[in-house]
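**Student:** give the three-dimensional model of this entry:
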Amino acid sequence: MLSVDGISKTIGERTLIRSASFHVRAGDCIGLVGPNGTGKTTLLRLLMGEVGADSGTMARSRTTRIGYLPQQWSPIEGKSVLAHALDVNRQLQALREELRDLEAELRRGTEPTHAEQLAYRQCRLLEELERLGGYDLEARGRKILAGLGFKSEWLERPVSTLSGGWLMRLELARLLLEEPDLLLLDEPTNHLDLESLLWLESFLLNTRSAVILISHDRAFLNRLVGRVFELEQGLFAEYSGNYDAYVKEKALRRETLLAAKRNQDGQVRQIERFIARNRYRKDRARQVQSRIKTLDRMDQIELAETAATVRFQFPEPVRSGRRVLELEAVDKAYGDYPVYTGVSLVVERGDRIALLGPNGAGKSTLLKVLAGVEAIDRGRRCLGSSVQLGYYAQHQWEQLDSSKTVLEEAQGVAGDLTRSQVRGLLGAFLFRGDEVEKPVAVLSGGEKARLTLVKLLMARPNLLLLDEPTNHLDIASREVLENALLEFAGTLCFISHDREFINAIATKILVIEAGQLHLLPGNYDDFERLWRARVFAAEALPDSAGSPVARSEQGSGPDASGRRGEQVRKRVEAQRRNDLYRLKQPQAQRLRQVEADLAAVHARLDQLSARLADPATYSGGEDIKQLQLDYRQCRLEAERLSRAWEEVSLALEELEQQYFCSSG
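**Tutor:** Numbers count the residues shown, from 1 in each chain. Below is the predicted model of the structure:
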């Protein structure tokens, strides 16, 4: 389908791509990865023919059609959403126009022989229309638009009324409907919510098009791709398998390459020493020249530089009260449109809650209400004691001062942190060395997002509310943010469509559905299992009239359906018990450990108490002060363990309550 041989591209003094060679075959799904700014988008534009290569060749079949989704796109004025989505095939449009002309000519009437010729031509055109999928084009277009989040009432809106994110969804819909032979997708998930992302994932798994996609969503790459192309510091490399396989293989290749480079460096040193010792000896002139030529012919092994691992610790926030934030019977509406009616929520210290729900469900609105950015219409919002709130909204990085450097902008919120500590924290977020002196004005979107996030953490909030913090971040930056949030000692509520990120961070999932809140324990994988079991069970239960409504069982007779419904219920209940047992295990194990420690401390306390109560202790030359100090420390340890036992017991109790409430 497409063959690339030795292409290179330099922009200014920077070589983005050096001698890249690869083949793209029909049905391939390829992930293109690498840090931001390494030339991934440039490679896609080279494949499209939008820019020319400095050297190398590309070959493709004349009939190969390529579709390209850029990161930014300007809409065509004067068309509706549906009309633009359907405008995908020039051949199809020309065929429709010819059919309209033929029909008009047939209606006007003509002599029989000519009419017969027109009818024959019309028949051939109708066959071609069917072959090109013209009859179901609109139906497929509507289905794709719905999958990407467009409501039916939006389809007749002018394209010019859409925001940037929706414009990109529309262009993606048009490309998917066109079904070119090769799809080039530059970060297609950036403007999608989780529901639309899952739909796109399913569509791409079943498309006939070959796909090359740039994405920083690791779960998306793992699910879709069978090959990975990597661009790093101008070097191109190809790997088999998904993203996780690429990470493992890259580490193995680097170890092998490091060993080869060490051997080569040793050979070079030996040759150079021989040349230096014998350069001026006439009897060794031939050997010296031979070794000089060997050095000239030697292919130097190149290694992409790896950033040093930065160990960091963010300033410890003040400890908040147990109840961090509470909503009670809250109403929120925009005009006549109610978003929430009578919802309640309690966020407790240490919670790490991911907000999930379809596009338009009100996730960002809820986060704004929690942050106090949006006023509520009715009800109560209560902030807990000693709570210091930090809120990150999408595009908040636009508020950065473009006249300052990265370091100056960070120092504005550094408080008592030293300059070296600020540099260390910036280094943890990939602003290393001289990069801290870069003006904010020249930073990319991802760099600005990173700077905003590190400023937020340096301000030492103990409650973080984050709206899509991973947008505009490449994979390395997302992993840095993950590590920072895993070390964060406070409470966290966040919105993200990155499933790997949610799995790494979340301990609870807040599902927002039809204006209602459902709090579930666990991470994204737990949510998928629990929520699907809940929905499946609800579909399998009898309706209010008592008749079975299990969708997969309808038409099989009431007795058989009832038995199958009972089997489904038992299976789901068993799955629930297993899931609850698995979720409770870490807490139960900790409770057993705390109880064992508490028993040991009480035994020690009894011993010390008995010694202090024994008159012989005071006449036997024992160190009474040390004995009293040991007793006080033991008492404090017993109190600490008692509090820990109470916290773990309550956590277990709440876990069971939340679980059974959500599944009931």
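
**Student:** please name the nearest non-neighbouring residue to the residue nearest the centre of the chain.
**Tutor:** Against the mean C-alpha coordinate of the chain, by C-alpha atoms, centre = their mean, the closest residue is residue 498 at 2.3 Å. Computed as C-beta to C-beta, 6 or more residues apart in numbering, the closest residue to residue 498 that is not its neighbour in sequence is residue 470, at 4.8 Å. C-beta here means a position set from N, CA and C on the backbone, and glycine is covered the same way.

**Student:** A helix includes the one you found, no?
**Tutor:** No - counting by DSSP: H, G, I helix; E, B strand; the rest coil, residue 470 is not found in a helix; it is coil.

**Student:** wait, it sits on residue 495?
**Tutor:** No - the pair residue 470 / residue 495 is not scored as a contact, 9.8 Å apart, by C-beta atoms under 8 Å.

**Student:** isn't the residue nearest to the centre of the chain up against residue 215?
**Tutor:** No - with contact defined as C-beta under 8 Å, residue 498 and residue 215 do not form a contacting pair (10.2 Å).

**Student:** what's opposite the closest residue to residue 24 other than its chain neighbours in the beta bridge?
**Tutor:** Counting by C-beta to C-beta, 6+ apart, residue 24 lies nearest to residue 2, which is 4.1 Å off, once chain neighbours are set aside. Using DSSP bridges, the bridge partners assigned to residue 2 are residue 24, residue 60.

**Student:** quick one: residue 2 and residue 58 touch, right?
**Tutor:** Yes - Residue 2 lies in contact with residue 58 (C-beta under 8 Å); the separation is 7.2 Å.

**Student:** higher neighbour count, those two?
**Tutor:** Shown here are residue 2 and residue 58; by other C-beta atoms under 10 Å, residue 2 has more neighbours (20 against 14).

**Student:** check contacts around that one.
**Tutor:** 23-24, 47, 58-60, 64, 182 (C-beta atoms under 8 Å, 6 or more residues apart in numbering).

**Student:** got it, and residue 208?
**Tutor:** 27, 179.

**Student:** swap the cut-off to 10 Å and go again
**Tutor:** 26-27, 179-181 (C-beta atoms under 10 Å, 6 or more residues apart in numbering).

**Student:** list only those of these flagged as buried.
**Tutor:** Among the contacts of residue 208, the ones that count as buried by 16 or more other C-beta atoms under 10 Å are 179-181.

**Student:** just give me the closest of those residues to residue 421.
**Tutor:** Checking the buried ones among the contacts of residue 208 against residue 421 with C-beta to C-beta, the nearest one is residue 180 at 51.9 Å.

**Student:** confirm that the closest one sits in a helix.
**Tutor:** No - going by three-state DSSP, the assignment for residue 180 is coil, not a helix.

**Student:** quick one: it from residue 229, how far?
**Tutor:** From residue 180 across to residue 229, the span is 19 Å (C-beta to C-beta, to the nearest Å).

**Student:** what does residue 625 give?
**Tutor:** 71 Å.

**Student:** with neighbour numbers in mind, choose between these two.
**Tutor:** Between residue 625 and residue 229, counted using other C-beta under 10 Å, the more crowded position is residue 229 (22 against 8).

**Student:** contact partners for the more buried one?
**Tutor:** 20, 22, 24, 30-34, 40, 43, 212, 214, 236-239, 246.

**Student:** got it, and residue 383?
**Tutor:** Contacts of residue 383 (C-beta under 10 Å, 6+ apart): 320-321, 323-326, 370, 372, 389, 463.

**Student:** hmm, try it at 8 Å
**Tutor:** 324-325, 372, 389.

**Student:** bridging residues for it?
**Tutor:** Here residue 383, judged by DSSP bridges, has bridge partners residue 325.

**Student:** make 457 the starting number, not 1.
**Tutor:** OK, 457 is where the count begins now, so the last one is residue 839.

**Student:** how about the contacts of residue 839, which pair is most distant?
**Tutor:** Among the contacts of residue 839, 780 and 828 lie farthest apart (C-beta to C-beta), at 13.2 Å.

**Student:** who's more crowded, these two?
**Tutor:** With neighbours defined as other C-beta under 10 Å, residue 780 and residue 828 compare such that residue 780 has more, 25 against 14.

**Student:** picking up where we left off before, distance check, the residue nearest to residue 480 against residue 559.
**Tutor:** 40 Å.
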